[in-house]
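J.: structure for the following, please:
(one chain, ligands or ions: 2)
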Amino acid sequence: MPMDTRKPFMILMASQKGGVGKTTLALNLAVALRINQNFRVLLVDEDTDSASISEQLGIKAEGSGYQDVISGKTDLKQAMFVYQPIDLYIIPANSSTEKFKPKLDDFIRFHSKLARLDYDFVIVDNMPGFFADEVARYFDDVAIVTTPDRISAQGSSKMSEHCERHKLEHRLIINRFGSSKFDLERAEVEKMYGDLAFQIVPEDKIVEESVSKRRPAYLIDRTSDFSLAMDEVAGAYALKRRSGSIQSEFERTTKPSFFEKLGKVFFGR
Ligand SMILES: Nc1ncnc2c1ncn2[C@@H]1O[C@H](COP(=O)(O)OP(=O)(O)OP(=O)(O)O)[C@@H](O)[C@H]1O
Ligand SMILES: [Mg+2]
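T.: Ligands and ions are numbered 1, 2, ... in the order given. You can find the predicted model right below:
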């Protein structure tokens, strides 16, 4: 059954380990879907510890934001920021030094509202760690971001298990590939992640440039290796959105789980 096209396809960017590139990929995926595929995209910053989407774009987070919406101080539309160059909709997180702990009911209500908005894609940038069980059902897909090193890969295996517990579709994005900071070779990575859908995003200087220019890397140079990889990620999601869930159900029953594979590579089981 094809997906209801009025319902947004909701993607959660997640990782167990911090600093692997969730925000960078969430932003550039949103941009690639917006300008290359012409989708209507809403990007939501739920990382209330660092509010890094605003930081990456140089937006002053003085207006209302995610926390205000959750706690009912403002509504969704009022908290939205339009990134004018490409008409990308963003709900930024308020920058605050206090730890934000939403009430569970409010948190659930917020996600159920997101799932009813009129966008093609809603991309949620999360803080590191497991997502809350109660909102799992609102997401169509989890992009588990990892770097090619053992610690991050092990964290990803736990995240993959967490997704499987919730019967949530998920794929891996292996980011910063080719950087000497990380220790797994391509063959090892391919062996590990073999059958589970995954994409490789290279280490690229354009990302550093984008941080200093406060402009998404994809908009600085669409032909960079990083941007070409983002095109592939965006293309895979465009396909996923169009094809609905039958194929993925097939994938889930015929392919060994990521965790099984990882266990074999790292722990010999
Ligand atoms: N493909 C890449 N090439 C080069 N640098 C990258 C790439 N991806 C991310 N980075 C850099 O890695 C650092 C961490 O990225 P980012 O902030 O997106 O990670 P994160 O997972 O969102 O972190 P956190 O867990 O703190 O939210 C940043 O300095 C970013 O510029
Ligand atoms: Mg982040």
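
J.: identify the residue nearest Thr48 in space, chain neighbours excluded?
T.: Phe100 (3.9 Å; CB to CB, 6 or more residues apart in numbering). (C-beta placed from N, C-alpha, C; glycine too.)

J.: skipping adjacent residues, who's closest to whichever residue of the stretch 1-150 of the chain sits closest to ligand 2 in space?
T.: Proximity of the stretch 1-150 of the chain to ligand 2 (CB to the ion) peaks at Thr23, 3.3 Å away. Nearest non-adjacent residue to Thr23, counting by CB to CB, 6+ apart: Ser52, 4.6 Å away.

J.: can you count the residues close to the one you found?
T.: Neighbour count for Ser52, taken as other CB atoms under 10 Å: 20.

J.: numbering from 51 from now on, please.
T.: With 51 as the first residue, the last one maps to Ser102.

J.: how near is it to ligand 1?
T.: 6 Å (CB to the nearest ligand atom, to the nearest Å).

J.: enumerate the residues of the stretch 151-300 of the chain near ligand 1.
T.: Residues of the stretch 151-300 of the chain lying close to ligand 1 (CB under 6 Å from any ligand atom) are Met177, Pro178, Asn225, Arg226, Val251, Glu253, Asp254, Val257, Val261, Phe276.

J.: make it 5 Å
T.: Pro178, Arg226, Glu253, Asp254, Val257, Val261 (CB under 5 Å from any ligand atom).

J.: in helices, which of those fall?
T.: Val257, Val261 (DSSP state H).

J.: and Asn88, how far from Met130?
T.: 19 Å (CB to CB, to the nearest Å).

J.: picking up where we left off before, which of the residues of the stretch 151-300 of the chain next to ligand 1 has the largest number of neighbours?
T.: Each of those was scored for neighbours by other CB under 10 Å, and Arg226 scores highest at 24 neighbours.

J.: hang on, isn't it packed against Phe232?
T.: Yes: judged on CB atoms under 8 Å, Arg226 makes contact with Phe232 at a distance of 6.3 Å.

J.: list the residues that contact both of the two?
T.: Thr197, Pro198 (CB atoms under 8 Å, 6 or more residues apart in numbering).

J.: what about the lengthiest strand in the chain, average pLDDT?
T.: Longest strand of the chain, by residue count under DSSP state E: strand 220-227. Mean per-residue pLDDT for strand 220-227: 94.

J.: same deal with stretch 154-166?
T.: pLDDT averaged over stretch 154-166 gives 95.

J.: for it, buried residues please.
T.: Residues of stretch 154-166 classed as buried: Phe157, Ile158, Phe160, His161, Leu164, Ala165 (neighbour count, 16 or more other CB atoms under 10 Å).
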